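Trainee: Here is a sequence together with a model predicted from it:
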Amino acid sequence: MAVKPTKAGTRTRPTSTPTLSVVVPLFNEAKGLPALHERIAEVARYLQVKRGLNLEIVYVDDGSSDGTSDVAKSLPAIPLDIQVVTLSRNFGKEAALLAGLDHARPGAVLFMDGDGQHPPDLIDTLVARWLDDSYDVVYTAKAHRENEALLRRIGVRLFYALLNWGARHKIPEDAGDFRLLSARAAEAMRQMPERNRFFKGLSSWIGFRQVRVDYEPAARKHGATSWNVRMLVGLSIEGLTSFSVAPLRVASLLGVLLALTALFFGSWIVLETLLYGKDVPGYPSLVVSVMVIGGVQLILIGVLGEYVGKMLSEIKGRPVYFVAEHSVKRASESAKARPVTSRAAE
């Protein structure tokens, strides 16, 4: 998307028709997909009339077992083109996001979840911040976490505290995958070579002009989330080891703390023996000391193992995903010229 600079160095509205690809990763969302598609199509009609946007939607089926891919292929391409990318198996959400980015046509790209919790009505706000205010990355974040369990809120705070500890570039707290990237931001994301991907961190790390938009997640109407505690912990470890050396620093500080404690304890025993003639504690203190030191060593080895395993994965250079099937359905010109809906008339 070409942008014409002004004399003052600012950016004006694009000189050509802006293009927007909406990428939606899917995993077992067959029941709720038709309703979601209808809501996105309504917003697309509104944006085509209001903004003159050239839109498409890219559905990425990440190894669903409920016929999600067939449902996606049956959806009407009105008023926007539809791509359906079916992966060969479940590679995970990060891989599905990359597949959608790779298959999206040149231009801006908007990412949103397929469970309906990312409100399609907010797309207009994200587009406005992109086109009217010239932001390259428009990301959303939960307005609050009052409805979440206390333990989960503490875990989120701890995660972002570790992630941003000593980092030159801070990753925004509570930022989600529901975000819009301009054409140059999307192209920058395509140039990121790593295979162990953390989308929130990558889209923040590329820089450019970024802005936050708060929103309230909608209730899930169909099915149950596939994210459990184990998967959330795994994603947290992936993010920490991809964008932070905080675990290594914590391990180093823990080692220093243990060494200072041992030095203090040893000095105290020597003083007690010399000054008060007390016997040196025997078997119990020895066992406790060995167990503490052994536990700390195992923790440090585990932290190092996470980083070594990530390096091994990168060195192997395996593809992030494989596509089993790819279909494209174009919107007809007559469908694009249909009468404007009541929302667009507003």
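Mentor: Now that the structure is in, tell me what you want to look at.
Trainee: would Val138 count as being in a strand?
Mentor: Yes. Under DSSP: H, G, I helix; E, B strand; the rest coil, Val138 sits within a strand.
Trainee: Based on its surroundings, how many neighbours for Asp62?
Mentor: Other residues lying near Asp62 total 28 when counted by other C-beta atoms under 10 Å. Quick note: C-beta positions are derived from backbone N, CA and C, even for glycine.
Trainee: Next up, the contacts around it.
Mentor: Listed by C-beta atoms under 8 Å, 6 or more residues apart in numbering, the contact set of Asp62 reads Pro25, Leu26, Phe27, Leu87, Asn90, Phe91, Gly92, Lys93, Ala95, Ala96.
Trainee: Skipping adjacent residues, who's closest to it in space?
Mentor: Once flanking residues are discounted, Asp62 sits nearest to Ala96: 4.2 Å by C-beta to C-beta, 6 or more residues apart in numbering.
Trainee: pLDDT averaged over the host helix or strand of the one you found - what is it?
Mentor: If you go by DSSP states H and E, Ala96 is part of helix 93-103. Throughout helix 93-103, pLDDT has a mean value of 89.
Trainee: Can I get that helix in CSV, CA atoms only?
Mentor: Output in CSV follows, covering the C-alpha atoms of helix 93-103 (Å, rounded to 0.1, in the frame of the first residue of the first chain):
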residue,chain,number,x,y,z
LYS,A,93,-2.2,-21.3,17.1
GLU,A,94,1.1,-19.6,16.5
ALA,A,95,1.7,-21.7,13.4
ALA,A,96,-1.9,-21.0,12.2
LEU,A,97,-1.3,-17.3,12.6
LEU,A,98,1.8,-17.6,10.5
ALA,A,99,0.0,-19.7,7.8
GLY,A,100,-2.7,-17.0,7.6
LEU,A,101,0.0,-14.3,7.3
ASP,A,102,1.8,-16.2,4.6
HIS,A,103,-1.3,-16.7,2.5
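Trainee: Same question for it: list its buried residues.
Mentor: Buried residues in helix 93-103, counted by 16 or more other C-beta atoms under 10 Å: Lys93, Glu94, Ala95, Ala96, Leu97, Leu98, Ala99, Gly100, Leu101, His103.
Trainee: And for it, what's in contact with it?
Mentor: With C-beta under 8 Å, 6+ apart as the test, helix 93-103 has contacts from 21, 23-27, 58, 60, 62, 83, 85, 87, 109, 111, 177, 186, 189-190, 197-199, 238, 320-321, 323, 326.
Trainee: So which of the residues you listed sit within helices?
Mentor: Residues of the contacts of helix 93-103 located in helices (DSSP state H): Ala186, Met189, Arg190, Phe199, Glu238.
Trainee: What is the lowest-pLDDT residue among those residues?
Mentor: In terms of pLDDT, the lowest of those is Glu238, showing 64.
Trainee: gap between Gly317 and Arg195?
Mentor: 7 Å (C-beta to C-beta, to the nearest Å).
Trainee: Nice, that's everything, thank you.
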